[in-house]
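Asker: Return a 3D structure for these sequence lines:
(one chain, ligands or ions: 1)
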Amino acid sequence: MAKIKKASESLTIMTNIVLPNETNSLRNLFGGELLAKMDRCASISAARHCERRVVTASVNHVSFNHPIPEGGVVVLESKVSRAFSTSMEVYVDVWLDDPINQKKIHTNEGIYTFVAVDEFNRPIPIPDMIPETEEEKLRHAAAFRRKELSLILSGRMKPLESVELKKLFQEPEETKESKKDKK
Ligand SMILES: CCCCCCCCCCCCCCCC(=O)SCCNC(=O)CCNC(=O)[C@H](O)C(C)(C)COP(=O)(O)OP(=O)(O)OC[C@H]1O[C@@H](n2cnc3c(N)ncnc32)[C@H](O)[C@@H]1OP(=O)(O)O
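Answerer: Residues are numbered from 1 along each chain as shown. Below you'll find the model as predicted:
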């Protein structure tokens, strides 16, 4: 198994048409149906990256920005955004595709955490990942913060133990100095 893989090697694209049994009372794609589709797409990306069985450990974020109507063509694209020791973050982008007018609307985004497991469902090490595009680099850079937040929210980490997340709430030294100068 390769020790380091590119983000693009885990790219997974799923295209579907929204059927009536998947909609809510407003005849738009039901949120839970979309979550299931995102989980499926993201789990394939995770398995492609680590070439192992994976389980969903956490759904860290999902945004519903635009409804997806019955009959709409929905395209899901997922890629591993960062690999840690046994876990990986997977980003899923969802698009409403209008093949007739050739328009694409970015409707949703989801961030999932998967863990690679052995035959006894114990976590096992995974290959590292290199981001290449600007977007991959941005997502990769912020992933550690999101991991810490997810661990805090799930009670697996104490807020004061965080490294990257804590930095967001700390004032830069220069700002502190300039405040002192003004006094
Ligand atoms: C070959 C290619 C072909 C491709 C084509 C085939 C594709 C074929 C795909 C099929 C894919 C099926 C995909 C099914 C997807 C489900 O539906 S799975 C069902 C739902 N999920 C579950 O049932 C999982 C239940 N939970 C568990 O089993 C355990 O809690 C877990 C997740 C394995 C973790 O176990 P644990 O003993 O607590 O392990 P622990 O060492 O504490 O943590 C392991 C890692 O997870 C991280 N972690 C744990 N919880 C969290 C959290 N809440 N937030 C963030 N990180 C967390 C830890 O930080 C740690 O990360 P690392 O620092 O090691 O990277």
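Asker: Can you classify Gly25 by secondary structure?
Answerer: Just so we're on the same page, residue 25 is Ser rather than Gly. Look at Ser25: counting by DSSP: H, G, I helix; E, B strand; the rest coil, its state is coil.
Asker: Report how many residues lie close to it.
Answerer: 6 (other C-beta atoms under 10 Å). In this view, the C-beta of every residue, glycine as well, is placed from N, C-alpha and C.
Asker: do Met157 as well
Answerer: Number of residues near Met157 (other C-beta under 10 Å) recorded here: 16.
Asker: ok so it is a helix residue?
Answerer: No: assignment of Met157 by three-state DSSP gives coil, placing it outside any helix.
Asker: Skipping adjacent residues, who's closest to it in space?
Answerer: When the adjacent residues along the chain are set aside, Met157 lies closest to Leu151, with 3.8 Å between them (C-beta to C-beta, 6 or more residues apart in numbering).
Asker: buried stuff in the helix or strand encompassing the one you found?
Answerer: Secondary structure from DSSP states H and E places Leu151 in helix 134-153. Neighbour counts over helix 134-153 (16 or more other C-beta atoms under 10 Å) mark 136, 139-140, 143-152 as buried.
Asker: Give me the mean pLDDT for whichever helix or strand comes after it.
Answerer: Tracing the chain past helix 134-153, the next element assigned as helix or strand by DSSP H and E is helix 164-168. What helix 164-168 shows for mean pLDDT is 86.
Asker: quick thing: my sequence starts at 30, can you match it?
Answerer: Understood, numbering begins at 30; the last thing we discussed is helix 193-197.
Asker: Helix 193-197 close to the ligand?
Answerer: No: on the criterion C-beta under 6 Å from any ligand atom, helix 193-197 is out of touch with the ligand, staying 12.5 Å away.
Asker: ditto for stretch 176-189
Answerer: Yes: under the criterion of C-beta under 6 Å from any ligand atom, the ligand is reached by stretch 176-189 at Lys176, Ser179, Leu180, Ser183, Arg185.
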